[in-house]
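A.B. asks: show me the folded form of this:
(2 chains)
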Amino acid sequence: MEKIVYDTLKETLYYEKLPNGLAVYLLPKKGFNKYYATFTTKYGSIDSTFIPIGQNEYITVPDGIAHFLEHKVFESEEGDAFNKFTEYAANANAYTGFNRTSYLFSCTSYFEENLNLLLDFVQDPYFTEQNVEKEKNIIAQEISMYDDNPDWQLYFQTIQNMYFENGVNVDIAGTKESIYKITKDMLYDCYNTFYHPANMLLFVVGDLDVDKTMELIRTNQAKKTFPQFKGVERKYIFESKDVKEKETIIKMDVMTPKVAVGIKNHESKLQGEELMKYEIALEIIFNYLFSKSSPHYQYMLDNELINNTFGYEVTMEYSYGFAMVSSDTNKPDEFKKYIIDVLLKARDLKIPEADFTRIKNKLLGSALRALNSPEAIANNFARYQFNDMNLFESIMAFEKLTLAELEKVLPFFDEKAITTNIILPK
Amino acid sequence: MERIEKSIAGLNVTLIKTTKFKTVDFLLNFRNRLNPENVTKRALLPQVLKAATVSYPSKMEISRKLESLYGASLGSAVNKQGLLHIISFRMSIINDAYLMEDVNLLEESFKFFHEIIFEPKLENSSFLPKVVNEEKRLLKDQFLAIYDDKIRYSYHKLIDNMCEDELYRLKPIGRMEDLDNLDPKNLYEEYQKMLKEDNVDFLIIGDFDETKVFSLIEKYFIFNKRESIKEIVDRETKDVREVKRVVEVKDVSQAKLNIGFRTNITGIDDDYYPLLVLNGLLGVYPHSLLFRNVREKESLCYYISSTIDKGKGIMVIFAGIDKADYQKAYELSVKQLEMIKNGEFTEQDLDNTKKAYINDILQISDNPVDYLLAEYSGYLYDEPFDVDKQIKKVNAVTKESIMNVAKKIQEDTVFLLTNEEVK
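C.D. replies: Next up is the predicted model:
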């Protein structure tokens, strides 16, 4: 077991790679009542074309299968894993993203039982034709729920505007048509390929006895056998900065129009330190351009282009990435023009030293605040590791970033990469 | 964790000392009687105060100041709790110990927080018209946004229909139709009234030197003595003769079902803990009856939950369903409550629900903001936040007490939002 100390953050992390390939990280937090664990596979909605383990040919599975799988993994021959977590007084949950699926629990008692349970239920799939059929209506209702949610539609349509082929252009839950094509055999193909321990990461946080916890995990894993892991063969689709649609308009039953301007990333192969610097630089630039402390924000407020729903975010992952700026607005065209103008001018951006320092301090402060929350750490940790980065190092990297490094990312701001999605009242 | 309480003239201070967190968090609450005449003004006040102060006369400058305080965060909220309307200001700063430079964030932040509350930018002894107009526009958008979120909208419509002539119908953000009559002058008067008459509570959690904190409070947060407001729960109710059914047709892809009940049990009543556990049994957890029987067994929905209001005693079941399943989903949902009434649940269900609540209670002290909110709520309901006592009360709930409580619950109104008329 390796011990990694982050002095300035006052955190100590423990790491071990188990013989079956599972990466285990433990983060002791003194004085916390809550234990929180996430068991995450590097597998999400974009991974629909791959060679199933033990086979030779690529297959393409229906959209939404990773999310469908997440619903079904909770079932075992003896019943629903939720019931067992309930007996051990834990809250269990799971979520599926574009490139990760995570299973988690939080508890304040029966920690060891719950940890064993988490490992056991995820590693013991039980799909039957009947239980797969039953889930389809539930997921169809989940999709309907999102259909009625304009913010969700705004976000996903904007991503769909950017991408031609990358699987990020399909809703994580799939469609009402695609999910009805899913069969139990497809679920097993996906499961066996992507839920191999060597493709997964376990993160545990709480007031832990580190040695005891690691021993429990080792023992649990040693009891199970897995086929040899030769890496996952999956098709990543890398795209140019061109967007599929420059602009879309959706009509929904809303009072206020909503606009999102997206900008697609072309540097989609970055990993590790390069990615870390790249995303921090963009994070700083977007804060400089659009945070409440910026003249742009003040201008848009004063001119009634935005309201309190205004927001922006930067998402950078392997094979896809984008930034998005959005708001509810009664002046959709003006808002769109203003944002695009700011984004295009950012190509020649010069950030004054004083602003640069202030924004770095702010981001450092928010990152430190997030370390208060065991959930936030546990939910994000795997994301960094799967991109060959580290969450704690990333926080410290904020302070080290220089203005010169910031300039290197400016080609991100390119007219070709920009798209707009507008939701208008019917 | 160590708790220190002290009254300084018109201010009640609660300090919670702990080394668990990397931040120091403040919560400053102003509470007064919920009143249709001034609720909208009060909702606008924190927004106006956060928009311009003497030294930081715009949102941009306020944000810059916050950023320079290592990303300190400043927030506000308006809530209602029974008969009370509560205006909250929150600030969170990084503990000095985590910063490399030698700074005194604590004092700087107190000074800044003071300025937000006490030194708004004024013109002719009232707020700036530009600020007030802007905040009126933003609040109006907040009213309109409710419609865009159909889950929230349908919930509000249930309450509108169920509590048509009751105080409870008021939203914490007030009434959109009041906005036209708000101006810098009458808002400023409301602000003066808030400073003079509201009951004010200051709660702080983190690692600090309490002598230092008390001296900062005495320096920056001076409130004169005032009358204390004792009443909290809202007993206004009506006798339900017949269940009211309302269907509204809108362009939705999923029908939203909301069922409102009157329990007439509030946070200060003996039956509160049985009601709390009943609600858990019914619709809070994956093992709850609604989730198990309506979602898992019958595949009728993705989300289905129940919730109770501590200050009023209203309970609501809400779910997203296919409109064709309306009758079935409705009957099955109501049946789950019937089952509780008849004692058709196992000791294990009960035990699991208690364990789940206890788990929730224990987690509160792991989050600084949750902890402050629990402290404040405990204070309002005259039951100081005490984890052990709460656990005891949850454990003391019996099957019989739950069945008795269930018998008192009356179904009041059903509201369905759907895309075409249903029978």
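
A.B. asks: residue of chain A nearest chain B, please.
C.D. replies: Nearest residue of chain A to chain B, counting by CB to the nearest CB: residue A:365, 2.7 Å away. The C-beta positions use only the backbone N, C-alpha and C, and glycine is treated the same way.

A.B. asks: element containing that residue, please.
C.D. replies: helix A:353-370 (DSSP states H and E).

A.B. asks: which non-adjacent residue is nearest the most centrally placed residue in chain A?
C.D. replies: Central residue of chain A (CA atoms, centre = their mean): residue A:97, 5.3 Å from the mean position. Spatially, and ignoring its direct neighbours in sequence, residue A:97 is nearest to residue A:44 (4.9 Å; CB to CB, 6 or more residues apart in numbering or on different chains).

A.B. asks: surely that neighbour meets residue A:102?
C.D. replies: No: counting by CB atoms under 8 Å, residue A:102 is not a contact partner of residue A:44; they are 9.7 Å apart.

A.B. asks: tell me, what's touching the two both at once?
C.D. replies: residue A:96 (CB atoms under 8 Å, 6 or more residues apart in numbering or on different chains).

A.B. asks: and the most centrally placed residue in chain B, how far from residue B:190?
C.D. replies: For chain B, the residue sitting closest to the mean C-alpha position, by CA atoms, centre = their mean, is residue B:79 at 5.2 Å. From residue B:79 across to residue B:190, the span is 17 Å (CB to CB, to the nearest Å).

A.B. asks: any part of stretch B:290-310 near chain A?
C.D. replies: Yes: using CB under 8 Å from any CB of the partner chain, we find that stretch B:290-310 touches chain A at B:295, B:296, B:299, B:300, B:301, B:302, B:303.

A.B. asks: how about residue B:48, secondary structure?
C.D. replies: helix (DSSP: H, G, I helix; E, B strand; the rest coil).

A.B. asks: sorry, wrong one. I was asking about residue B:91.
C.D. replies: Residue B:91 ends up strand, using three-state DSSP.

A.B. asks: ok, what's across the strand from it?
C.D. replies: residue B:26, residue B:74 (DSSP bridges).

A.B. asks: tally of neighbours for residue A:223?
C.D. replies: 9 (other CB atoms under 10 Å in any protein chain shown).

A.B. asks: helices along the stretch 251-400 of chain A, start to end?
C.D. replies: A:272-290, A:295-302, A:332-345, A:353-370, A:374-386, A:391-400 (DSSP state H, counting those that start in this stretch).

A.B. asks: mind putting those helices into JSON lines with mean neighbour count?
C.D. replies: Below are those laid out as JSON lines (neighbours: other CB atoms under 10 Å in any protein chain shown):
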{"stretch": "helix A:272-290", "mean neighbour count": "20"}
{"stretch": "helix A:295-302", "mean neighbour count": "17"}
{"stretch": "helix A:332-345", "mean neighbour count": "18"}
{"stretch": "helix A:353-370", "mean neighbour count": "19"}
{"stretch": "helix A:374-386", "mean neighbour count": "20"}
{"stretch": "helix A:391-400", "mean neighbour count": "17"}
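
A.B. asks: now those in TSV, with mean pLDDT?
C.D. replies: Output for these, formatted as TSV (pLDDT from 0 to 100):
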stretch	mean pLDDT
helix A:272-290	97
helix A:295-302	97
helix A:332-345	98
helix A:353-370	92
helix A:374-386	96
helix A:391-400	91
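
A.B. asks: got JSON lines for the ones you listed, with distance to residue A:242 too?
C.D. replies: Below are the helices of the stretch 251-400 of chain A laid out as JSON lines (distance: least, CB to CB, whole Å):
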{"stretch": "helix A:272-290", "distance to residue A:242": "20"}
{"stretch": "helix A:295-302", "distance to residue A:242": "26"}
{"stretch": "helix A:332-345", "distance to residue A:242": "16"}
{"stretch": "helix A:353-370", "distance to residue A:242": "31"}
{"stretch": "helix A:374-386", "distance to residue A:242": "27"}
{"stretch": "helix A:391-400", "distance to residue A:242": "30"}
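
A.B. asks: what's the closest of the ones you listed to residue A:179?
C.D. replies: helix A:374-386 (25.3 Å; CB to CB).

A.B. asks: that closest one close to chain B?
C.D. replies: Yes: using CB under 8 Å from any CB, helix A:374-386 reaches chain B at residue A:374.

A.B. asks: ok now that helix, how far from the chain's centre?
C.D. replies: Distance of helix A:374-386 from the chain centroid (CA atoms, centre = their mean, to the nearest Å) equals 9 Å.

A.B. asks: so where's chain B shaky on pLDDT?
C.D. replies: B:100, B:102, B:421-423 (pLDDT under 70).

A.B. asks: what are the contacting residues of stretch A:384-397?
C.D. replies: A:6, A:8-9, A:11, A:13, A:23, A:25, A:40, A:42, A:99-100, A:201, A:271-273, A:275-277, A:280, A:317-318, A:364, A:367-368, A:371, A:377, A:380-381, A:383.

A.B. asks: tell me the secondary structure for residue B:28?
C.D. replies: Classification of residue B:28 using three-state DSSP returns strand.

A.B. asks: please tell me how far it sits from residue B:311.
C.D. replies: 21 Å.

A.B. asks: same deal with residue A:340?
C.D. replies: 47 Å.

A.B. asks: ok, which stretches of the stretch 201-350 of chain B are strands?
C.D. replies: B:244-249, B:255-262, B:301-308, B:314-321 (DSSP state E, counting those that start in this stretch).

A.B. asks: can I see the domain layout of the chain?
C.D. replies: Just going to use chain A. As recorded under automatic domain parsing, the domains making up chain A are A:2-222, A:247-425.

A.B. asks: that answer is for a different chain, and I need it for chain B
C.D. replies: Taken from automatic domain parsing, chain B resolves into B:2-220, B:244-418.

A.B. asks: and those domains: which comes nearest residue A:164?
C.D. replies: Closest approach to residue A:164 among the domains of chain B is made by domain B:244-418 (26.8 Å; CB to CB).

A.B. asks: surely residue A:379 touches residue A:40?
C.D. replies: No: between residue A:379 and residue A:40 there is no contact, the gap being 9.0 Å when judged by CB under 8 Å.

A.B. asks: tell me, what's touching these two both at once?
C.D. replies: Common neighbours of residue A:379 and residue A:40 (criterion: CB under 8 Å, 6+ apart): residue A:102.

A.B. asks: list the contacts of the residue nearest to residue A:414 when sequence neighbours are not counted.
C.D. replies: Counting by CB to CB, 6+ apart, residue A:414 lies nearest to residue A:241, which is 5.7 Å off, once chain neighbours are set aside. Listed by CB under 8 Å, 6+ apart, the contact partners of residue A:241 are A:264, A:265, A:266, A:414, A:416, A:417.
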